[in-house]
Every structure is written in C-alpha cells, then in structure tokens.
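Student: Generate coordinates for the sequence data below:
(4 chains)
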There are 2 protein chains.
Amino acid sequence: MPKKSSPVNVDPRVRRTHRILRDALVSLILEKDYRSLTIKEITDRADVAYITFFRHYNGIDELLMEILDEGVAELLRHIETLAGKTEDPANEVEGRLIFEYIRQESDLFRILLKSQAVTRIRKSVIEKISMMFQNSCGFLQRSNSHIPANIASNHMATSLLALIEWWLENKMSPPPPQMGKIYKALIIDGTMSAVASA
Amino acid sequence: MPKKSSPVNVDPRVRRTHRILRDALVSLILEKDYRSLTIKEITDRADVAYITFFRHYNGIDELLMEILDEGVAELLRHIETLAGKTEDPANEVEGRLIFEYIRQESDLFRILLKSQAVTRIRKSVIEKISMMFQNSCGFLQRSNSHIPANIASNHMATSLLALIEWWLENKMSPPPPQMGKIYKALIIDGTMSAVASA
DNA sequence: CCTTTTTGTTATACTGTATAACAATTGTTT
DNA sequence: AAACAATTGTTATACAGTATAACAAAAAGG
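Tutor: Numbers count the residues shown, from 1 in each chain, chains lettered A, B, ... in the order given. Here you go, the predicted model:
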C-alpha cells in the first residue's frame, strides 16, 4: 500500500488512478443505486485492475468519503466567503449566490444527498453549516430567548440542506434569484422571528 | 413461499416467525450499524433457521420496510388525531403531544432515522407529513405569497423530522413541554411569518 | 540505464446470499 | 384421534463479491 503523505502523493500514476476511480464512482452513483455498486463495476468503468482499488482504498465508502470531503470543504469555503461578504444576514444576495453555486456543482450535491447511507458525512456537513450560522447570525445569541442557539442553528442548517434537496429533485426550478428570496424568508427571517418572539 | 394475503396470515407459526424476526432486527439495529447486519445474525438472534428468513422476506430491507411501514402508519394516525384536535395550529399543546408520543415510541424513531439508507421510506414519510401540514395549516394557502405552499410544507415536514432527530440524539432533553414550544415557535410560527411577509 | 514504485495478471481463500431436497414439527380438518 | 396440509429445520450446494498473495510488466525518477 502506497503511503498516504499529507502534502500530496507526487507520483503521477497514483494521481491518475485516484482521479479515474473518483470519476468512475461519481458517474456510477448518478446512474444507479449507490448501495448496489460493486468494486468490480468501478474498476471496470475506470479501466484499472480490480486489485488496484484495494491498493488505495479499503472500500467504496472510503472512496466516496474522499470525494465528498473534498467537495464539502470547497462548498464550505464558498459559503464562508459569501457569509463574509454579507455580515448582515438580511442581505438576500447571499441566498441567490448559494443556489447559483449549487447549480454549478450539482453533481456533487446530488451525490452528497443520494448516498445518505454515509450518515457520518451528512452529520459533519450539518454540524459545520450549523456552526457557521451560529457564528454569522447575531440574532441566535439572544440569551433571553427560549430557543437554544444550537437548536436554532441546527434548524437552519438542516432546513438549508432539505431546501437544496427539494430543489435538485425539482429540476432546479424556481431559478436561483427566487430561491434566494425563499431561503431568506423561510430560513433566515423565519428563524429570526421565531427566536425573537419566543 | 407462503402467500401474502392482505387480511393477515392466519397461521400462528407464520405470525410468530414474523414477530421474532422483526424483534431481532429492531434490537440489532439499535445495537450496531444497520448496513453491516447479516441475515445470519438476525436468524441467530431470532433463533430460527437461516432459510426461514428467505421464506418470508427477500432481504433485510424488506423486513425493515414491514416494520417501518407499520410504525409510520401508526405515527401518522397519531399525528392526524392531534391535528384534528387543534384546528388552530397556534395551539402549542399539539407540539407537546408530538414529543410525548415520540418519547413513548422512541425505538421506532431511532430506527427510522438511523437506517436512512432506506431513502424510499424517508421520502414517503416526509411527503405524508408535508401533505398533512398543507391540509391543516391555512396560512400555507395564501395565494399572494412568494413562497409556494409545497416548499413551505416540505420545509415544515423536514424541519420536524430534523428536530426529532436532534432531540433523540440529545437524550430527549429538553422535555416535551419545552420542545412543544420550540416546535411551535420555530416551525409553525416561523414558517407562518415567513409566508406572510414574503 | 538502472532502481524503485506502481500497475496488471492469475490464483485462491473467505464471507454472505440464495436455493434445493428431504426430514421433522406443528396446525387444521374431519 | 387420525389424516392431511403447511411450516420449519437440517444439510448440501451454487454463486457473487470481498480481500489478499505472488510474480510479471510497465512507468517514473535519478
């Protein structure tokens, strides 16, 4: 087994193998049920030897993790950039930008939501987004509210993912500008008014 | 394979087999990861012959479906009763009753949320609860809102499930009365104010 | 060009699924 | 209670998918 150094494996053959295995898995997940995929299907699609898979990953889940970890990290970087631009969460531009980004990277999101089998990833994504809301939404810190901040931020994070999932299942319509408005009204303002009133 | 008549299989031996297989699967799911369960584990726990499993089910998923379909049907009946009692969704008693029922049937909910692998069931549950909100919450029908009723009701249904999941993962604290208030503020009132304002 | 590393080929062990044939047990009917 | 029907248990077997080993072939890097 090749060592997994943090800097990045330099050997171009390894980079190539990882890349084509990832691409093969992505295309297969989009085509059929994740759970019924086999390693042989993946290596056939990738046109590498069966055993090569085991030289890099311990199972299909691990390969999927690599794909999602990378994609999620990029997603969070993107959302954080958006959050930085709009310190005031009342800005509905943020919502529009989120959905434009999702449309651009829709394959990644479809995979993330389709393979919910991997609960670990879903949970970590929710937790990270939840933390982001907790940091960027000042109204969550109202200490006199009867709604704990962690419940409210969890509500926002899961609602956002659910809204994204609904949108992908409905052919990404309505378009991003309108989804941005819906996101702001339903998730930002809705939660804010609930926290303020309770 | 014994025929699956709708009235209910009368043979007590079949009833017994179904019951002990269901119980075995439930206890195993609560103990360890659903996806790594084997049929042999289930039949060993149930103390029936390996092949007996195949005489009744085509796979573990099918057995799980039977358990969840029944449990979900009961859950929906329960919630519908609650919804009937409180035509005015402003009544926060409804929320308390929901969480009291969940605490009572917490095994079922843990299983439902733990085995998210079975996306089909999760989707149908969300859809049914969503429909219920759409029928019982008058404010969703405001035709002049920029938020479509199906998005709002989907938001409420997924938020409720997410709140339940959070609650189960946090040792069912805070207690039902407070969760009822949070539910009302965050999901009912929050959505209502969002629909009204947008 | 020579060494190291990765990949491919072939063979094999193992686990879990699925079914068949027949015996043993249990339930139902008369 | 006896006879019949249905279910369950026992044993054997086929098969798919996972996982590893040993050695040959190809590619990368100094």
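Student: From now on I want contacts and neighbour counts done on CA atoms only, so please keep to that.
Tutor: Will do.
Student: And for stretch A:36-52, what's in contact with it?
Tutor: A:17, A:20-21, A:23-25, A:28-29, A:53, A:59-60 (C-alpha atoms under 8 Å, 6 or more residues apart in numbering or on different chains).
Student: What's the end-to-end length of that stretch?
Tutor: 20 Å (C-alpha to C-alpha, to the nearest Å).
Student: So which elements touch the top helix by length along chain A?
Tutor: Ordering each helix of chain A by length in residues (DSSP state H) puts helix A:60-85 first. Using 3 or more C-alpha pairs under 8 Å, 6 or more residues apart in numbering or on different chains; DSSP states H and E as the contact test, the elements touching helix A:60-85 are helix A:12-31, helix A:93-104, helix A:106-114, helix A:119-136.
Student: Quick one: mean pLDDT for the first one?
Tutor: On average, the pLDDT along helix A:12-31 is 97.
Student: Taking helix A:12-31 as reference, get the angle to the helix or strand just after it.
Tutor: Counting by DSSP states H and E, the next helix or strand C-terminal to helix A:12-31 is helix A:39-46. Per axes from the mean of the first three to the mean of the last three C-alpha atoms, to 10 degrees, the angle that helix A:39-46 makes with helix A:12-31 is 110 degrees.
Student: Give me the buried positions along helix A:39-46.
Tutor: Under the neighbour-count criterion of 16 or more other C-alpha atoms under 10 Å in any protein chain shown, helix A:39-46 has A:42-43, A:45-46 buried.
Student: As JSON lines, those with distance to DNA strand D and pLDDT would be great.
Tutor: Converted to JSON lines, these look like this (distance: C-alpha to the nearest atom of the strand, whole Å; pLDDT from 0 to 100):
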{"residue": "A:Ile42", "distance to DNA strand D": "9", "pLDDT": "98"}
{"residue": "A:Thr43", "distance to DNA strand D": "10", "pLDDT": "98"}
{"residue": "A:Arg45", "distance to DNA strand D": "13", "pLDDT": "98"}
{"residue": "A:Ala46", "distance to DNA strand D": "14", "pLDDT": "98"}
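Student: got a list of what the residue lying closest to A:Leu140 once chain neighbours are set aside touches?
Tutor: In space, and not counting its chain neighbours, A:Leu140 is closest to A:Ala149: 5.2 Å by C-alpha to C-alpha, 6 or more residues apart in numbering or on different chains. For A:Ala149, the contacting residues are A:134, A:140-141, by C-alpha under 8 Å, 6+ apart.
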